[in-house]
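Chemist: Give me the fold of what follows.
(2 chains)
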Amino acid sequence: MPRFLASRSALVGTAIVVVVAAVMVASGQRQALVIGVITGAGYGLVALGLVLIYKSSGVFNFAQGEFGTVAVYTLYGVHDLAGVPLLPAMLVGLAAAAAMALATERVIIRPLFSAPRVTLLVATAGVSLLAISLELWLGEARIRFIQPALGRLDRVSVFGVQVSDQRLLVLAALLMLAVLLGLFFSRTNLGLAILGVSQEPVATELMGISVRRLSSFTWALTGVLAGLAGMLTAPVVGSFAPGFLTTTSLIPAFTAAVLGGMTSLPGAFVGGVVVGVAQSLAVSAPIFYENIPGPGAVMVFVLLVVVLALRPQGLLGKSS
Amino acid sequence: MSLEESIDAPPVLEEHAVADPIAVQPAAPPFRPRPVGWMARGIVMAAVAALVLLLPTTKGAVDVHIYTQAVIFAIIGLSLNVLLGYTGQISLGHHAFVGIGAFTSAYMVTVHGQPFVAAVAMAMVVGGLQALLLGAVSLRITGLYFALVTLAYGTMAEESLFNIQKLTGGSAGQPAPKPTWFTTDLRYYYLCLAFLAAVIWVDWRLMKTKGGRALSAVRENPRVAATFGTDVKIYTLMAFVVAGVFAGLGGALLAHNDTFVVRDLFNFQLALVFVIMTVVGGLRNRTGVVIGSAFFGLIGYFFDKLFEHGLDLRVLKVLPKEYAPIVIGPMLLLFTLTRHPGGMGQQVRPLQRWLRGGRFSFKDTHEDEVRVSDVRA
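Modeler: Have a look, this model is predicted:
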């Protein structure tokens, strides 16, 4: 059994999610629930990367969204423009995201290893802005349209809500990824070493594990995660523009990571789903969108402040 | 030997003289420039003053409008410097701070028909109040988490507050005419310069007060500061309010400079530009922040001029001018952070020292190397 199911707080968190879901189904917000869960899984994927980097480098990585956007641009260039088949093109996109993450780690993070963490945060924000401006320049600042891999919209319905095939594909891919990551971090030596570094870097180094090499690997891994998040969600939206994943997902993903206590991987994923559902509810429930402009952003902000004020260790995190 | 004599005698100097052959003459007077030296310094200062005060008179309204914007950026940079430099809290939502100031002023003038002075005062009050609220939140959560809250706050303001039709005019925007006596761009430029001078003076005087010293103590080490009886919360809140007031002022001036406020101006990229210009300018260095902010306010203009005068570099040909500032800005930021943490302020320090009547030297430029304070989380 994966470790995260064994913890009591995870069970409590899951119970809360189930109750909220039941209430939403009962009150007729099924659409919001289904869409929210799938969007939220995407947030969860970005949040996983944020948590991984926070654990390994102690940085809030504001460039995380841009790793994903770069992957989307690469996918678009290789698949839609150059005509390479989808799967190889996706691999190229993932490689681009991983390369960008590695370069960030090498050029920015490593020289600033002993710098204060706020400096590092400004640096990652700088990387993000640089990536956005390069996209604006090279990508000609316009909105581009991207076709979903699966086009049918009405094949499947959940709770009476029609879900497009692409959304189902995203959900399936994300669930599979979550299980794979769970296995990776609980069963493989590499995964355990990463967790070890995040808890006791010195002791891990003494066990003969290169902390530097693992740091590079962790950054590459988060690049891949962000790349997947970008390439899976962009076709659902149907279009993308410079800064795509940063504008849509970065703040919700951070909120998700905070909900999970900033250090818990399953917590980040569950947090993503919670944020996705809350945001989707705010956008689709008349009581919110008739009275508040931009209800989604307000909901995320309120959620973030409330969680930080009441339970800074996160819903699923342990209090330190 | 009496007590007074032992104090008067310089024993340390003599020891030094033996160890250090350069300091053989113990009674070397402190360096004073000769009259020629003072004259040279005076000429340089006059040249800088002429550049700031007289150059705009020779230019057209379009150019002066951009200079004014650079002056306002300097005010905003100083505002962010209070947060980032003095308290070590990073605000990624400063576009919201500035935007709220801009919309408040435009709302007061256009909808309520208030005079400019009242509108700007109101913008400063509202700016201070919102900073106070966010500051109250930040007392519980510091460092990285605070950055996150400001970011979410900025996005919320962007998508929600700035879309309230009654206050901001929605997507159409809100007119913000220039004040009565300053209707031309040139006069408004001088008005903004006066405001900048006032902000610099207030900032300088505030840092000399007990509160200012308390802030540096808190930044260096909050626990030690608290042990010595410094009320960390009150002084941090004070810094927030000051930053908010400056940002509100900057926003109001920005609104009336453009004579029209649109919500699209205040986006996340702008917040990042604010952070970049403050850090590249050099935290806790007023001169540096002003130079850095003005530089980023003018960077697009510089490139315009370069292209106008037939600059023919292949690299810049490839890089279109509208993207040059936003590509070069982040690069400068990353370069500053990894190589020159003192920023522009540190680069101009030899010149500053010389202007104050010291010797010109590139040595000891690292006298107090700038560090963003560590996280208190």
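Chemist: what's the neighbour count on residue 89?
Modeler: Looking at chain A here, since you left the chain open. 20 (other Cβ atoms under 10 Å in any protein chain shown). Where C-beta positions appear, they are placed from N, C-alpha and C, glycine not excepted.
Chemist: that's the wrong chain, I wanted chain B
Modeler: A count of nearby residues for B:Gln89, using other Cβ under 10 Å, gives 26.
Chemist: any idea how far it lies from B:Leu139?
Modeler: 10 Å (Cβ to Cβ, to the nearest Å).
Chemist: which residues are common contacts for the two?
Modeler: Residues touching both B:Gln89 and B:Leu139 (Cβ atoms under 8 Å, 6 or more residues apart in numbering or on different chains): B:Thr236.
Chemist: dump the residue contacts of residue 280.
Modeler: Chain wasn't specified; assuming chain A. A:Ala32, A:Leu33, A:Ile35, A:Gly36, A:Thr39, A:Gly40.
Chemist: let's do chain B instead
Modeler: Each residue near B:Val280 by Cβ under 8 Å, 6+ apart is listed here: B:Gly292, B:Phe295, B:Phe296, B:Leu332, B:Leu333, B:Thr336, B:Gly343, B:Met344.
Chemist: In which helix or strand does the last one reside?
Modeler: Here B:Met344 sits within helix B:343-347, counting by DSSP states H and E.
Chemist: Toward the C-terminus, what is the element adjacent to that helix?
Modeler: Next element after helix B:343-347 (DSSP H and E): helix B:349-355.
Chemist: tell me what that next one is packed against?
Modeler: helix B:35-53 (3 or more Cβ pairs under 8 Å, 6 or more residues apart in numbering or on different chains; DSSP states H and E).
Chemist: Which residues does the helix it packs on contact?
Modeler: B:Pro33, B:Leu193, B:Trp354, B:Leu355, B:Gly357.
Chemist: For it, what is the distance to the chain centroid?
Modeler: 24 Å (Cα atoms, centre = their mean, to the nearest Å).
Chemist: So the longest helix seen in chain B, near chain A or not?
Modeler: Counting residues, the longest helix found in chain B (DSSP state H) is helix B:232-258. No: using Cβ under 8 Å from any Cβ of the partner chain, helix B:232-258 never reaches chain A; the gap is at least 14.8 Å.
Chemist: Can you list the strands that the following helix or strand past that helix pairs with?
Modeler: With elements assigned by DSSP H and E, the helix or strand that comes after helix B:232-258 is strand B:260-261. Next to strand B:260-261 in the sheet, as set by DSSP bridges, lie strand B:174-175 (antiparallel).
Chemist: Give me the next element, helix or strand, following the partner strand.
Modeler: Next element after strand B:174-175 (DSSP H and E): helix B:185-208.
Chemist: could I get that following helix in PDB with only the CA atoms?
Modeler: Extracted in PDB, the C-alpha atoms of helix B:185-208 (Å, rounded to 0.1, in the frame of the first residue of the first chain):
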ATOM      1  CA  ASP B 185       4.100  67.900 -19.700                       C
ATOM      2  CA  LEU B 186       7.100  70.000 -18.800                       C
ATOM      3  CA  ARG B 187       5.500  71.600 -15.700                       C
ATOM      4  CA  TYR B 188       4.100  68.200 -14.600                       C
ATOM      5  CA  TYR B 189       7.700  66.800 -15.000                       C
ATOM      6  CA  TYR B 190       8.900  69.400 -12.500                       C
ATOM      7  CA  LEU B 191       6.000  68.700 -10.200                       C
ATOM      8  CA  CYS B 192       7.000  65.000 -10.200                       C
ATOM      9  CA  LEU B 193      10.600  65.900  -9.600                       C
ATOM     10  CA  ALA B 194       9.500  67.800  -6.500                       C
ATOM     11  CA  PHE B 195       7.500  64.900  -5.300                       C
ATOM     12  CA  LEU B 196      10.600  62.600  -5.900                       C
ATOM     13  CA  ALA B 197      12.800  65.000  -3.900                       C
ATOM     14  CA  ALA B 198      10.200  65.000  -1.100                       C
ATOM     15  CA  VAL B 199      10.000  61.200  -1.100                       C
ATOM     16  CA  ILE B 200      13.900  60.900  -1.000                       C
ATOM     17  CA  TRP B 201      14.000  63.400   1.900                       C
ATOM     18  CA  VAL B 202      11.200  61.600   3.900                       C
ATOM     19  CA  ASP B 203      12.900  58.300   3.300                       C
ATOM     20  CA  TRP B 204      16.300  59.600   4.400                       C
ATOM     21  CA  ARG B 205      14.900  61.300   7.500                       C
ATOM     22  CA  LEU B 206      12.800  58.300   8.500                       C
ATOM     23  CA  MET B 207      15.800  56.000   8.300                       C
ATOM     24  CA  LYS B 208      17.600  58.400  10.700                       C
END
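Chemist: Now do the next helix or strand after it and helix B:232-258, the angle between them.
Modeler: Next in sequence after helix B:185-208, counting helices and strands by DSSP H and E, comes helix B:210-220. Relative orientation of helix B:210-220 versus helix B:232-258 (axes from the mean of the first three to the mean of the last three Cα atoms, to 10 degrees): 110 degrees.
Chemist: neighbouring contacts of helix B:210-220?
Modeler: B:86-88, B:206-207, B:224-225, B:228, B:230-232, B:235-236, B:238-239, B:373.
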